[in-house]
Each structure stands twice: as C-alpha cells, then as structure tokens.
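>>> structure here, sequence nowhere to be found:
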C-alpha cells in the first residue's frame, strides 16, 4: 500500500470540448449519454416517488403531522386541541394516525383503507414535532401544504428526489473525473435499494442522506480542484451541511465524523485552509444541533430489556448483532414501510452481492489514507448503535435502526474508492489519479454481471413496494423469487385519478433503472487515459 509519487497516470479530463482518447467515447457523445443518464435517473426516481401511499414510510404519521403543523405550533396557525388529555394539533382527517397508518404493520391488508379518510374534515393528532428534530425541514415542508394531502406529499417527495439529483449531479459534474467515478459508484451501490426509497420520500432521512453524502463528496473534491470548480464544490458542501443540520440531529453529528475521516483522506497543506475551516465550523454546528435535539434520547428513554445484566454481556449482545444490523442497509430484516415490506430473499441478496463485489474490488489498491479514513466512518457506523444499545441496556443494536446510520454507508464506500490525489507540475495536489474499472474480458464480464444484478435488484425492490400497498402482503419464495403479476389487475389501492396505473409505473421505473445503470457502467469504463483536468 502507498500513495506513490507525483501522478504520471493522470486523472481523466472533463474539460468541455476535450476529445476522447484511445478507445474512449468522444466527448460530445459522452455528454449526450450523460444527459440521457440524468433523464433515466429522474424517471426511475419519480417511479419511487409514487410507489407507496401517504404514511407508508417509518413514522410518517409523525412527519406529515409536523409538516402540517411545524414547531412552534402555537405560531404556525394550526388549531390546537386535546386528545386523551394531551395537547394535540388538528390536521386533515387523512393525516390522523388512525387513518394514515391504518395499513401499517398489517402485512395482509393493502392501503385501501387510507382512501376512506377525508381531506375536508379535521382530526386531532398527537404526532407532531416538539423538539425531536432540528429547525428547518418541517418549516420548509410546510410550504408544500395544500388542500389535497396526496398532492402535497407527492410534491415534497418529488422535490426531495430532484434535490438529491441536482445537488449530487452538480458535485459529480464539478469533480475531477477520477473522483467523479468514485462518487457515482459509491452512491449507486450504497443506496440500493433502501437509499433510493428514502431519498424519494418525505421522511427527513431524505435530506439527511443527501446532505451527508454531498458534504463529504463535495469537500473531498474541492481539495483537489481550483478556480470556479472549487468555489462551486465548496458551495455544494455548504448546501449539504445545511441539509444535514436541518433534517436530523444524528446526520448533523455525521458532519463531525466526515471531518475526522477527511483529515486522514486529504494531505495537509495551506491550500486546503478554506475547506478545513468549513469542515470545522460545520462539525461544531452539527454537534450543537445534535445536542439540542432529542432523537438519540428518545431511543434511550424507550425502555430497557436486559436490565440487571453485566456491562460486558450487554456489549457482547450488541456487538454480536452487528452483522444483521449492517445487512439492514440493503433491506435485510428492515425493509421499507413500517417494516412491513419484506426485502429478504432476492432484494437483500442481490444488493449484498453488489456491495461485496465492490468491496472486493476496492481492495486492489488501498493506501493508508483510504484505510484510515474508511475505518473512521466504519467505527461510527458500528460504534454509535452499540453505544446507544449499551447506554439504554438493550440486547440488540437494532433498537437504533439501520436507516439512521445509512447516510454514512455511502461515505464509507467513497473513502474506500476515492483514488489518490494527483500532482501537477508544481507538485501541488490537483485532480485525482485515474479511477479504473475492471479491464480485460473477465473484468468487463464481471462488471456487466454486477450491473445486471443491480438493475434486477432495483426493479424487484420497486415491484415489492408497489405490490405490498396495491394488494397487501404476497408470499414469495425464498431465497430467490422473481414471480410477478399485473399490478394494474385487481389492485385495491392506487392514487385516485392517477393518469397511469401501478404496472405502468413499475415498468417505467424498472426500465429507467436498467438504462441508468447501463449508461453509468459504460461511462465509468469509457475512458482509460485522459489529460489531467484543467480546473
């Protein structure tokens, strides 16, 4: 392992108009393919947006209540009431807990019961934010409130998806091409399938995931750039920090974790003082935000199930549960919805295979900087849930669900995949060494197979979500089952007056996913040698 001397194998160029070299795709064609890739990603994301009803994500009854009545509720114009002797806020009946989650946890029932509630009548709910979340997300979400609750939630979901595509797309476009490939590969693999589900939702986890990864990727890329590209990347990192700090307390804390990881990943020099200042300020603000929210405390207050056990035994129970906890990143035991959409079998196995293949490939050229920065993130991913489990005297880390640590998973992969910095003629770190995908017949076949598994897993994950809410739970074979039905034939739930049915949405989403991963894989490996980018 080693960093090596000044780069002679230089980073791929993304200078506008630069011609492709060797067998690489000409620049103009690459840009056209990139545009088509963005269109495919948007189409696939919108399919996820409409795949499930209002109230279908974890604790969404709480999130829609907070969206309609953001804190401080006494100043937002919401009607205050009481329910069961406690302070409540008035929301449309369709958002009250007994209606919006009428199908939650009940695997056998579709979401048809949610169609019986009215947007015209009001009902009290105890599910609203009173300090558990930072200021920002709910106040912004309130801007989408309108008469139709369905349209309001769909509009917010679509905005969150497009925000992620726009911000992360800007970072990928501004980064040098070696790092550009690492960034896109990391998020493509880490977010299959659970990340795509949350990004296209109205849960604050959408901003948490987008903001956390944007902060890490943009800050790393800016240390290897200069001029307007560097300014743009710093702005993207700042935007990511804002999203992380205004969505969840734990994602605000993740900015500190990322800062420590980047301290190992980036060579120290006077040149990176602006990025270092931004990282330190963001970390301090993130820690302050976390200290003022009650998310972690709410887990500790939920009760102990191993009281009286020794400290060592509790630690053993929590550490031994980590393997299943980490597989929760790909939906194992913790699928979408209120954990009532099962991804065990085809989806979790396919996503796990893609992750393992990427991890194995990343070991080909490690450096001490990559290893240490990745270990920092991995330590947070495993350490935070263990500490919470031990402090709360729980027998299993799963009390702090995998989705809360999922934002750091893509950062972990990025730290492993990011190529070493290149150096210009003056010896400055500028740009990155080439990011090489597997070459040769075996490498290309392997890449194609992994991409095919990715596309199949994405299509299957989307199908199971739509099927669960349109029909109710359907038993599937284990461990592999690709059986399908016409989702528009006999479905009990779908969006009222929707111009397209559930089957059309799945077909479009699945095909868009196939096109997106095919184009991405082609572009990742399309250029083997290019000039160092002119930043």
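Received, thanks. What you see is a predicted model; the values in this text were computed from it and never measured. Residues are numbered from 1 along each chain as shown.
>>> where exactly do the helices run in the stretch 401-535 of the chain?
With helices called from DSSP state H, counting those that start in this stretch, the stretch 401-535 of the chain shows them at 402-417, 440-471, 502-524.
>>> quick check: the residue lying closest to residue 155 once chain neighbours are set aside vs residue 238, distance?
Residue nearest to residue 155 in three dimensions, not counting chain neighbours: residue 144, with 5.0 Å by C-beta to C-beta, 6 or more residues apart in numbering. For the C-beta atoms, the positions are set from N, CA and C on the backbone; glycine is no exception. When C-beta to C-beta, to the nearest Å is applied, the distance between residue 144 and residue 238 equals 24 Å.
>>> and if you look at residue 338?
With the distance defined as C-beta to C-beta, residue 338 ends up 35 Å from residue 238.
>>> could you do residue 162 as well?
The span separating residue 162 from residue 238 equals 19 Å under the rule C-beta to C-beta.
>>> likewise residue 471?
In this view, residue 471 and residue 238 are 45 Å apart by C-beta to C-beta.
>>> and the two? Which one has more around it.
Set side by side, residue 471 and residue 238 give different neighbour counts by other C-beta atoms under 10 Å, the larger being at residue 471 (21 against 17).
>>> contact partners for the residue lying closest to the more buried one once chain neighbours are set aside?
When the adjacent residues along the chain are set aside, residue 471 lies closest to residue 110, with 5.5 Å between them (C-beta to C-beta, 6+ apart). With contacts defined as C-beta atoms under 8 Å, 6 or more residues apart in numbering, residue 110 is in contact with 103, 468-472, 491-493.
>>> for the helix or strand harbouring residue 362, packing partners?
Using DSSP states H and E, residue 362 falls within helix 346-362. With contacts defined as 3 or more C-beta pairs under 8 Å, 6 or more residues apart in numbering; DSSP states H and E, the packing partners of helix 346-362 are helix 177-190, helix 402-417, helix 440-471.
>>> which of the ones you listed sits closest to residue 283?
With C-beta to C-beta as the criterion, residue 283 lies closest to helix 402-417 of the helices and strands packed on helix 346-362, at 14.0 Å.
>>> average pLDDT for the closest one?
Per-residue pLDDT values over helix 402-417 give a mean of 97.
>>> same check, this time on stretch 141-158
For stretch 141-158, the per-residue pLDDT values average out at 97.
>>> list the buried residues of it.
141-142, 144-145, 149-150, 152-158 (16 or more other C-beta atoms under 10 Å).
>>> how long is it end to end?
12 Å (C-alpha to C-alpha, to the nearest Å).
>>> mind listing residues that contact it?
The set of residues external to stretch 141-158 that reach it, using C-beta under 8 Å, 6+ apart, is 46, 49-50, 54, 64, 66-68, 70, 76, 92, 94-95, 119, 159, 200-202, 495-496.
>>> that older thread, which among the helices and strands packed on helix 346-362 is found nearest to residue 324?
Judged by C-beta to C-beta, the one of the helices and strands packed on helix 346-362 that comes nearest to residue 324 is helix 402-417, at 9.1 Å.
>>> give me the helices and strands touching that closest one, please.
Where contact means 3+ C-beta pairs under 8 Å, 6+ apart, helix 402-417 is packed against helix 177-190, helix 194-199, helix 205-222, helix 249-265, helix 346-362, helix 368-391.
>>> just how off-centre is the third one within its chain?
Meaning helix 205-222. Relative to its parent chain, helix 205-222 has a centroid offset of 10 Å by C-alpha atoms, centre = their mean, to the nearest Å.
>>> starting at the chain centroid, how far to the following helix or strand past it?
Beyond helix 205-222 in the direction of the C-terminus, DSSP H and E gives the next helix or strand as helix 227-245. On the basis of C-alpha atoms, centre = their mean, helix 227-245 sits 18 Å off its chain's mean C-alpha point.
>>> any chance of the helices and strands packed on helix 346-362 in CSV, with distance to residue 328 too?
Written out in CSV, the entries for the helices and strands packed on helix 346-362 read as follows (distance: least, C-beta to C-beta, whole Å):
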stretch, distance to residue 328
helix 177-190, 13
helix 402-417, 3
helix 440-471, 14
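>>> wait, which of those is closest to residue 294?
Of all the helices and strands packed on helix 346-362, helix 402-417 sits nearest to residue 294, with 14.0 Å by C-beta to C-beta.
>>> relative to helix 368-391, how tilted is the closest one?
If you take axes from the mean of the first three to the mean of the last three C-alpha atoms, to 10 degrees, helix 402-417 sits at 160 degrees to helix 368-391.
>>> so helix 402-417 versus helix 177-190, what angle?
Here helix 402-417 runs at an angle of 150 degrees relative to helix 177-190 (the same axes, to 10 degrees).
>>> many thanks, I have nothing further to ask.
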